[in-house]
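Asks: sharing a sequence plus its predicted fold:
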Amino acid sequence: MTVQAQNSTGITMAMAVSTFDFTIVNATPPNITREALKTSHMTTVGYHTYIAAQLIEGGEATVVIQFDPGAEPPMDQPAETFTMTFPNGETWQFDGFLTGYAGSADLETVMQATVTIKVADDITISS
């Protein structure tokens with residue numbers, strides 16, 4: 001399979017319920033992981049042995065946005081559907097909720113905020 005390089009300009013993220021409006025500066029899709037369960041025992045020789053865990057961890061997604069000090073992020077809301085759309089039209093859709101919102105305002109720069117979203121369920125990747 002040949003992977004085609006893509007420019008990230010144009011990534012968007014939409015929230016299904018909240019009306020929190022934001023402009024993305026930088027986006028990091030969810031960091032999907034799965035545990036390795038050690039199966040080594042007292043007679044194992046050479047290398048440790050492992051099996052893959054059955055459950056997958058959806059991790060977190062982060063977006064750096066243009067910070068609006070007057071906008072209230074939906075920190076107290078339950079999980080809702082997030083859709084991250086990439087420039088080629090492919091999407092990552094997942095239920096999640098905000099776990100972090102940190103603004104920054106450095107001298108002579110555009111104010112930004114980092115929004116952290118905890119993935120609460122499956123991630124659907126579609127093209």
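Replies: Looks like it arrived, so ask away. Just so we're clear, the structure is a prediction, and the values are computed from it rather than from any experiment.
Asks: so how far is stretch 15-29 off the chain centroid?
Replies: In terms of Cα atoms, centre = their mean, to the nearest Å, the centre of stretch 15-29 is found 11 Å from the chain centre.
Asks: not counting its own residues, what contacts that stretch?
Replies: Among residues not part of stretch 15-29, those counted as contacts by Cβ atoms under 8 Å, 6 or more residues apart in numbering are 8, 11-13, 61-66, 68, 71-74, 77, 80-84, 92, 110, 112, 115. In this view, the C-beta of every residue, glycine as well, is placed from N, C-alpha and C.
Asks: which of the residues you listed are buried?
Replies: Applying 16 or more other Cβ atoms under 10 Å to these, the neighbour count classes 11, 13, 61, 63-65, 73, 80, 82, 84, 92, 112, 115 as buried.
Asks: what's the closest of the residues you listed to Gly100?
Replies: Val115 (6.9 Å; Cβ to Cβ).
Asks: just checking, the closest one touches Thr62?
Replies: Yes: contact criterion Cβ atoms under 8 Å: Val115 and Thr62 qualify, at 6.7 Å.
Asks: now do the shared contacts for the two.
Replies: Between them, Val115 and Thr62 share no contacting residue under Cβ under 8 Å, 6+ apart.
Asks: measure the most far-flung residue of the chain relative to its centre to Thr49 for me?
Replies: Distance to the chain centre peaks in the chain at Thr43, reaching 41.1 Å (criterion: Cα atoms, centre = their mean). Thr43 sits 11 Å away from Thr49, going by Cβ to Cβ, to the nearest Å.
Asks: same question, Glu72
Replies: Taken as Cβ to Cβ, the span from Glu72 to Thr49 is 51 Å.
Asks: before we move on, what about Asp122?
Replies: Applying Cβ to Cβ to Asp122 and Thr49 gives a distance of 29 Å.
Asks: give the buried residues for stretch 10-19.
Replies: 11, 13, 15.
Asks: next: stretch 106-126.
Replies: 112-119, 123.
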